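>>> model this:
(chains A and B)
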Amino acid sequence: MDARLRRVTREIADCKNDKTSSIKIETIDESPFHLKGSFPGPEGTPYQGGNFEIDIVIPESYPFQPVKMKFITKVYHPNVSSASGAICLDILKDAWSPVLTLKSTLISLQSLLCSPEPNDPQDAEVAKHYMTSKASFEETATYWTHIYAGGPGSKDAKQLNSGDDVAIAGLEHTHVDRFVELGFPKAKVVDALRRLNYRGNNIRNIPDDRVIEELLK
Amino acid sequence: MLSSHNNALKMAAEITDPFDLPGPSERPGLRDMDASMRCTICQEFYDAPVTLSCGHCFCSLCIRNSLAEKPECPQCRKSSSDVHFRPNPTVEQAVEAWKAARPCILKLLKETADLLSRANAAPVEARSSKPVKKRKRTQSVDSVASIELVEPQTAIKSSEGESVREGASDSLSSSQLNPLTTYVAVGCPICNKQVLYCNINTHMDSGCSKHVVSRRSSQTTQATRWQGIFTGDNNSKGKQKSSGSEDSDAPLPKLAYGTMKEKAIRERLVEHGLSTHGDKAALVARHRQWVMMYNANLDKSEKNRKPLKELRKELKTWEDGSKSKKVIVEDTVAHEVHSLPGHISCPHFSLIQRKYRSEFTDLVEKAKASSSAHKPPSVPISSPPLETTSDDADVVPDSEDEAPK
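Numbering: from 1, shown residues only, chains lettered A, B, ... in the order given. Reported below is the predicted structural model:
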């Protein structure tokens, strides 16, 4: 039998057998080379309480080429694309080693959630948010965990109703409302303010003219 | 869906892994023992284990494949290459012994587990079966302990049928009478002459007259050996290497395929009795894999090496496997090209190139025409500074000449 198939079968069995680990791997369709992994968000982070699912594709020359992974669950994280779930992590690219396994790679993703690297971002807007105001970033990340990963809501859950696009974008209602009152559609305002990183101390650097200019584009 | 699940189960039954053995809380060391006999790349028991300069050990073929991607140890990332390989016959022997012992151990473990469960199921009988159970238990523990103590050579013996206990006693007696040290010549403490270790006592008893190893004979043999190394033997070995003889122990050299003509690669394949079917890429892939498999086979101890016939068969199955994979790849590529026309990544490139060849050549011609049309005005601008040096001025007309072509 194919060495790749043998190794993958073993790795899936290994995850099933390991009762102490919280990492899960299951098949999606008939192919043993297209899998779904999942792990709980690490404790003490905005991702705590969420369950994060990963799409895993095993390439032809595995384990000599890195496994392809991306988030199925939407995550608000500087190194994960908020749109596509693509991950920026060295071991998934040139730092891959054939001794790494699906389980060890998923554990690495879990620890990536603990320690974001905003200087090497996958999602530049999220990274900007993180650099500008970590507290505001964490609030948004918690909110995303709550609505997309099934995590518990943040403390001021009253304000953060389910599906609130202002909160999803990590913005303040008062700021958005100010420009909506000028007669711009809400979605457009949210989009523009997100792009401008209209958060925390950065607001001082963005004059209202700049926002209007962006809105009139 | 169901059938695929059954297949998966079947495969799982066929594949052994460390979890077949009980964990450290039940039988300490057993699971780790199994894990340590496995290559960290393929997770199978070591096949032709080799040690790198950093000390990490892998199957020869696995690490050769890995180094082809990236020249570093997969474990510690220290830079490494196949010239640093050292075959590890000790690990090879240990793996062989463990592979033989494993079913025995599993059987013993199962028997004890069965006895325990039977004892639990029938509490009335428990009293009568208790002594049996106890004896069994201690026996299995003993056997495990003695396996750890036994030297590798005797461990193989014991797994071949003799009881493990006998193996252990064997190892004691054999270490006392080591055949290697018995036939080593040592200096006599009285007369300083060379005497075989096993004869030293009778030599001294005879007043230093018996069993002296003649120095001259050993010197002459040494001399002939050196001569052999410097003259005849070496030459013949060199010839064997170049002719690719089947008995040769020398590893095959890696070739710089980029600089070789297709014909030369074909000749190399014929030399090793391989098929010369396919285009250059296929020939190169075949030869590269053959060199890896051939050299990996040499890293085994001699008695475990596969005959070349078998290696050729394995090469064929490898090639069939990669061919079927390629077909699948091309299918998905075609699919992706249709769904994402704007998206180009490396593996798709050749396919797209083939598909749109005519358009590409059209574009290239148009570009050439427009560049030659734009050329004349650009030349006067670039030429004045170039006139300062005569060498550069020579280059400019050349490029001008080439452009219209």
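>>> Count the residues that sit near A:S31.
Neighbours of A:S31 under the rule other CB atoms under 10 Å in any protein chain shown: 11. C-betas here are computed from N, CA, C, even on glycine.
>>> what helix or strand is it on?
Here A:S31 sits in a region with no helix or strand, counting by DSSP states H and E.
>>> check contacts around the most centrally placed residue in chain A.
The structure's chain A has its C-alpha centroid closest to A:V75; by CA atoms, centre = their mean the separation is 2.4 Å. Contacts for A:V75 (CB atoms under 8 Å, 6 or more residues apart in numbering or on different chains) come out as A:47, A:52, A:82, A:85, A:113, A:141, A:144-145, A:148-149.
>>> so how many other residues sit close to A:K19?
A:K19: 6 neighbours (other CB under 10 Å).
>>> which SS state does it fall under?
Three-state call for A:K19 (DSSP: H, G, I helix; E, B strand; the rest coil): coil.
>>> Distance of the residue nearest to the centre of chain A relative to chain B?
Per CB to the nearest CB, to the nearest Å, A:V75 is found 23 Å from chain B.
>>> Give me the pLDDT for that residue.
Note for A:V75: predicted pLDDT of 95.
>>> The nearest residue to A:D18 once chain neighbours are set aside is in what secondary structure piece?
Sequence neighbours aside, A:K103 is the residue nearest to A:D18 in space, at 7.5 Å (criterion: CB to CB, 6 or more residues apart in numbering or on different chains). Using DSSP H and E, the element containing A:K103 is helix A:102-114.
>>> quick one: buried residues of that helix?
A:102-103, A:105-110, A:112-113 (16 or more other CB atoms under 10 Å in any protein chain shown).
>>> Residues contacting it, please?
A:8, A:11-12, A:14-15, A:18, A:21, A:23, A:25, A:35, A:37, A:39-42, A:44-45, A:47, A:52, A:54, A:56, A:67, A:69, A:75, A:77, A:79-80, A:87, A:89, A:91-92.
>>> again with stretch B:78-89
B:48-54, B:57, B:60, B:63-64, B:67, B:71-73, B:295, B:299-301.
>>> Quick check: mean pLDDT of that stretch?
89.
>>> Buried residues in that stretch, which are they?
Buried, per 16+ other CB under 10 Å, within stretch B:78-89: B:80, B:82, B:85, B:87-89.
>>> Out of those, list just those in strands.
B:P87 (DSSP state E).
>>> Make JSON lines from the buried residues of stretch B:78-89 and add distance to A:L196 to it.
As requested, the buried residues of stretch B:78-89 are exported to JSON lines (distance: CB to CB, whole Å):
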{"residue": "B:S80", "distance to A:L196": "50"}
{"residue": "B:D82", "distance to A:L196": "55"}
{"residue": "B:F85", "distance to A:L196": "58"}
{"residue": "B:P87", "distance to A:L196": "63"}
{"residue": "B:N88", "distance to A:L196": "61"}
{"residue": "B:P89", "distance to A:L196": "67"}
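>>> Next, count neighbours for B:L115.
Neighbour tally, B:L115, other CB under 10 Å: 16.
>>> ignore the last one, A:K36
Other residues close to A:K36 by other CB under 10 Å number 15.
>>> for the stretch 101-250 of chain B, which spans come out with low pLDDT?
B:123-184, B:213-248 (pLDDT under 70).
>>> Any stretches of the stretch 301-405 of chain B with poor pLDDT?
If you take pLDDT under 70 as the line, the stretch 301-405 of chain B has these spans: B:323-356, B:371-405.
>>> and with 80 instead?
B:321-405 (pLDDT under 80).
>>> Likewise for chain A?
Applying pLDDT under 80 to chain A flags residues A:1, A:151-164.
>>> If we use 50, what do you get?
Within chain A, the stretches with pLDDT under 50 are A:154-160.
>>> In terms of residue numbering, what are the domains of it?
Annotated domains of chain A cover A:3-114, A:124-216 [automatic domain parsing].
>>> Put together JSON lines for those, with distance to B:D279 on each row.
Converted to JSON lines, the domains of chain A look like this (distance: least, CB to CB, whole Å):
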{"stretch": "domain A:3-114", "distance to B:D279": "19"}
{"stretch": "domain A:124-216", "distance to B:D279": "44"}
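>>> Show me the one of those that comes nearest B:H287.
domain A:3-114 (18.0 Å; CB to CB).
>>> okay, how far is it across that closest one, tip to tip?
Taking CA to CA, to the nearest Å, the first and last residues of domain A:3-114 lie 34 Å apart.
>>> next one: stretch A:203-214
Per CA to CA, stretch A:203-214 runs 14 Å from first to last residue.
>>> the strands in chain A, which residues?
A:24-27, A:34-40, A:51-57, A:68-71.
>>> Any chance of JSON lines for those, columns distance to B:K316?
Shown next, in JSON lines, are these (distance: least, CB to CB, whole Å):
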{"stretch": "strand A:24-27", "distance to B:K316": "30"}
{"stretch": "strand A:34-40", "distance to B:K316": "28"}
{"stretch": "strand A:51-57", "distance to B:K316": "28"}
{"stretch": "strand A:68-71", "distance to B:K316": "30"}
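>>> hang on, the earlier thing: just the buried residues out of the contacts of stretch B:78-89, in PyMOL syntax.
Remark: buried members of the contacts of stretch B:78-89, expressed as a PyMOL selection using 16+ other CB under 10 Å:
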select buried, chain B and resi 48+49+50+51+52+57+60+63+64+67+72+73+295+299+300
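>>> Return the subset of the contacts of stretch B:78-89 lying in helices.
Of the positions in the contacts of stretch B:78-89, B:60, B:63-64, B:67, B:295 sit in helices, assigned by DSSP state H.
>>> Out of these, which is nearest to A:G200?
Using CB to CB, the ones in helices among the contacts of stretch B:78-89 come closest to A:G200 at B:L67, 49.2 Å.
>>> mind listing the helices for chain A?
Going by DSSP H, chain A shows helices at A:3-17, A:102-114, A:124-132, A:134-148, A:165-168, A:173-180, A:186-196, A:208-216.
>>> tell me the angle the fourth one makes with helix A:124-132.
Looking back up the chat, that one is helix A:134-148. Angle between the axes of helix A:134-148 and helix A:124-132 is 130 degrees (criterion: axes from the mean of the first three to the mean of the last three CA atoms, to 10 degrees).
>>> what does the second one give?
What separates the directions of helix A:102-114 and helix A:124-132 is an angle of 50 degrees, with the same axes, to 10 degrees.
>>> Can you lay out the strands of chain A as CSV showing distance to chain B?
Output for these, formatted as CSV (distance: least, CB to the nearest CB, whole Å):
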stretch, distance to chain B
strand A:24-27, 8
strand A:34-40, 11
strand A:51-57, 11
strand A:68-71, 12
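>>> Show me what counts as buried in stretch B:293-310.
So, applying 16+ other CB under 10 Å, buried residues of stretch B:293-310: B:293-300.
>>> what about that stretch and chain A, touching?
No. Stretch B:293-310 does not reach chain A (CB under 8 Å from any CB of the partner chain); its nearest approach is 12.8 Å.
>>> Contacts for that stretch next, please.
Counting by CB under 8 Å, 6+ apart, B:47-50, B:59-61, B:64, B:82, B:85, B:87, B:89, B:92-93, B:96, B:246, B:249, B:251-252, B:272-273, B:311, B:314-315, B:318 sit against stretch B:293-310.
>>> and if we set it to 7 Å?
B:48, B:50, B:60-61, B:64, B:85, B:87, B:89, B:92, B:246, B:249, B:251-252, B:311, B:314-315 (CB atoms under 7 Å, 6 or more residues apart in numbering or on different chains).
>>> Tell me the span between the first and last residue of it.
11 Å.
>>> sorry, back to before: any idea how far the helix holding A:K103 is from the chain center?
Chain-centre distance of helix A:102-114: 13 Å, with CA atoms, centre = their mean, to the nearest Å.
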